[in-house]
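>>> predicted model follows, preceded by the sequence.
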Amino acid sequence: MGESNTVREKYVYSVRMVNVDKYFGNVQALSKVNFEVRNNEIVGLIGDNGAGKSTLIKTITGVFPPTSGELYIRDEQITLSHYSVKQAHNWKIETVYQDKSLADKQDLWRNFFVGRQITGPLGFIKVKEEKRIANDVLLNMIGFRGAGISVDSKVAVLSGGERQGVCIGRAMHFDADLIILDEPTVALSLKEVRKVLNFVHKIKDSGRSCIYISHNMADVHEIADRFVVLDRGTIVGNIKKEDISLKDLSTFLLDYAHGLKETKNS
Amino acid sequence: MRVYEEKRSLLVRIEGLPIIGVYCLLILVFIFTSPRVFTGYRIYMSFLQTVPPQLVIALGLTLVITAGEIDLSFPAVVAFSGFLFSYVYRTFGTPWFAFAAALAGGALIGYANGILIARLGVPSIMATLAAQFFWNGLTTLLSQGLSWNIVTIRGQLIHSLFVGRIGGVVPAQAVWTLGIAVLVWFILNRHQFGESIMFIGDNVQVAQVVGINVVKTKISLFTFHGVLSALGGVLLTLEMANFWSTQGSGFLLPVMAAVFIGGTSIAGGYGTIVGTFFGMYIIGSLEAGVVASGIGGYWVRLVSGLVMAFSIILNISFKNKSIGEKWNKMLRSQAEKKRNKA
């Protein structure tokens, strides 16, 4: 992943949302959200539980459409009614959800390719090829030499860090341009957290973009270029890394958590 | 540690091994208790004649249960498709048109189930229970509760093709259902559709985020089971050359039992076609076997219950995560410790 790779393709924004609203019935989950990720930018998305972080990224990844607003991917406007997870995959957007990315009872190789299987005629899966590639990625890209783990293992036997590793390997294999990590370090040991953070550095070095969601300020501050703070469905902070220290960032967030600041400025 | 992994997986890799063992054991016991009956070929031919209609349905039900759903409406499909088949055959005298009508009827019932469950979010146990009553009621109403004989079907090609005797001995329906079992195995284990079914049954949220169309898959799944159940109904009607309005009503429990003793997970996410195949033959052999062994008809149910319980216990202990994976985890934590020391 050399420097030559740094600009992969020419576009200004990996993703850009303009005035996006999202309602679930009468509940407004997102309100007039303007959010963007530049090409090769790491954005730390921060906010308390229920702030709307997951809703925000699920609109980007096509799990559900926004109620209103505009969505641009690589500077192209997306027709919201046709947008789906499959399309997001085609746009090379990959998501690593905290615990919803892998199915426990299924073989590792199935989890690797599900939704994007290598198929022959009539939609039958080429199992050998899938296993070979998954094995290759596990050994060479993420460096799995864990005892007793193979592509035939069930996901249930993997540790938290190993699961993130599989998801991350999957994202890399499918050559994602924008990788979204949703609380990737929850329930990980310190050593495993380090691995995940190293991977995010790799994302940046290889010219990709990333949205990193976490509660852990220290982690976010280390890796992100910019911090976006979400509070009750509204963006209340948009701060460049050079403009704020870790300590100030934490204070800023605590003020919101304690309701000292009202939701209006940024 | 690697060696251990391979040893374990060899045993686990042979799908349905415990249930195959139970089946062989059962036959051995029957040969021992009633050698005259069970060393001849006739009893096996009679199994191959009576089991297939239920087996076809059980294969479809395996997929439904793997997806974490249930279908209780298949007995009604057996009756309704049998009705359509004999009605169309008696009215127009065209067996293939009758066949198509029967399968279409099954597809319709399955599709309606799928819409209720996947689109409207009705729990599958309720939706298919309602469907069972509704379609069964409709069949009784349309046939006025009568049974119709269609004996003339015996001279037709469709009869010899589906339920004839190959070489005058082997019932053709056994070969057909074996073929269908192989096909369904490939659909479940080697096809995108089957993978979607497993992921939906395992964790529907994961299925959604990896891009599986859950609604569409479920509708297709119930439709597919409807078609297979209708095929079961047609095989039964053909074999008997007769339709009666309560046909299939005794299928519900044996078919479900076959799927579960085969080792398919009631929690969803895992299903075994091989297990269901042998499970169905176990259930289908029990009654004849117990009666033939001379201990008396009153024992049939008791023995059936015992065999089911035994099969399930065996299945669980074979797959047992608590043994296999505890062992695995222990080995791994030891390896970890060693690495940390180094």
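Received the coordinates, thanks. Residues are numbered from 1 along each chain as shown, chains lettered A, B, ... in the order given.
>>> which residue ranges form the strands in chain A?
Along chain A, the stretches classed as strands by DSSP state E are A:13-24, A:27-38, A:42-47, A:68-73, A:76-77, A:93-96, A:178-182, A:209-213, A:226-231, A:234-240.
>>> which one of these lies closest to B:V307?
strand A:93-96 (46.3 Å; CB to CB). Bear in mind the C-beta positions are built from the backbone N, C-alpha and C, glycine included.
>>> mind listing residues that contact the closest one?
Where contact means CB atoms under 8 Å, 6 or more residues apart in numbering or on different chains, the residues beyond strand A:93-96 that reach it are A:15, A:57, A:60-62, A:73, A:101, A:164, A:167-168, A:170-171, A:174, A:176-182, A:184, B:209.
>>> now stretch A:183-203
Contacts of stretch A:183-203 with the rest of the structure, by CB under 8 Å, 6+ apart, involve A:1, A:42, A:96, A:98, A:159-161, A:164-165, A:168, A:179, A:181, A:209-210, A:212-216, A:219, A:222-223.
>>> tell me the spatial nearest neighbour of B:T50, not counting adjacent residues.
When the adjacent residues along the chain are set aside, B:T50 lies closest to B:G284, with 6.1 Å between them (CB to CB, 6 or more residues apart in numbering or on different chains).
>>> any idea how far whatever helix or strand the one you found lives in is from the chain center?
Following DSSP states H and E, one finds B:G284 within helix B:273-292. Helix B:273-292 has its C-alpha centroid displaced from the chain centroid by 12 Å (CA atoms, centre = their mean, to the nearest Å).
>>> just checking, what packs against the helix or strand following that helix?
As assigned by DSSP H and E, the chain's next helix or strand after helix B:273-292 is helix B:300-319. When contacts are defined as 3 or more CB pairs under 8 Å, 6 or more residues apart in numbering or on different chains; DSSP states H and E, helix B:300-319 packs onto helix B:2-13, helix B:17-33, helix B:252-262, helix B:273-292.
>>> 7 Å - rerun?
helix B:17-33, helix B:252-262, helix B:273-292 (3 or more CB pairs under 7 Å, 6 or more residues apart in numbering or on different chains; DSSP states H and E).
>>> I'd like the ones you listed as TSV, with distance to B:N203, mean pLDDT and mean neighbour count appended.
TSV is the format used below for the helices and strands packed on helix B:300-319 (distance: least, CB to CB, whole Å; pLDDT from 0 to 100; neighbours: other CB atoms under 10 Å in any protein chain shown):
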stretch	distance to B:N203	mean pLDDT	mean neighbour count
helix B:17-33	26	91	17
helix B:252-262	21	94	23
helix B:273-292	22	91	23
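>>> out of the ones you listed, the one nearest B:S311 is which?
Across the helices and strands packed on helix B:300-319, B:S311 has its closest neighbour in helix B:252-262 (4.0 Å, CB to CB).
>>> report the inter-axis angle for the closest one versus helix B:17-33.
If you take axes from the mean of the first three to the mean of the last three CA atoms, to 10 degrees, helix B:252-262 sits at 110 degrees to helix B:17-33.
>>> centre of the chain to helix B:252-262, how far?
With CA atoms, centre = their mean, you get 7 Å for helix B:252-262.
>>> what comes into contact with it?
For helix B:252-262, contacts defined as CB atoms under 7 Å, 6 or more residues apart in numbering or on different chains pick out B:16, B:19, B:54, B:57-58, B:61-62, B:65, B:72, B:74-75, B:266, B:272, B:275-276, B:278-280, B:282-283, B:308, B:311-312.
>>> output it in CSV with nothing but the alpha carbons.
The C-alpha coordinates for helix B:252-262 follow below in CSV (Å, rounded to 0.1, in the frame of the first residue of the first chain):
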residue,chain,number,x,y,z
LEU,B,252,-48.6,-33.1,10.5
LEU,B,253,-46.8,-34.8,13.4
PRO,B,254,-44.8,-37.5,11.6
VAL,B,255,-43.4,-35.0,9.1
MET,B,256,-42.4,-32.5,11.8
ALA,B,257,-41.0,-35.3,13.9
ALA,B,258,-38.9,-36.5,10.9
VAL,B,259,-37.4,-33.0,10.5
PHE,B,260,-36.5,-32.6,14.1
ILE,B,261,-35.1,-36.1,14.8
GLY,B,262,-33.0,-35.6,11.6
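>>> what angle separates that helix from helix B:300-319?
Using the same axes, to 10 degrees, the direction of helix B:252-262 lies 30 degrees away from that of helix B:300-319.
>>> near chain B, which residues of the stretch 101-250 of chain A show up?
A:101-106, A:110, A:114-115, A:117, A:119, A:123-125, A:127, A:146-148, A:152, A:157 (CB under 7 Å from any CB of the partner chain).
>>> wait, isn't B:F85 in contact with B:A98?
Yes - assessed by CB atoms under 7 Å, B:F85 is found in contact with B:A98 at 4.7 Å.
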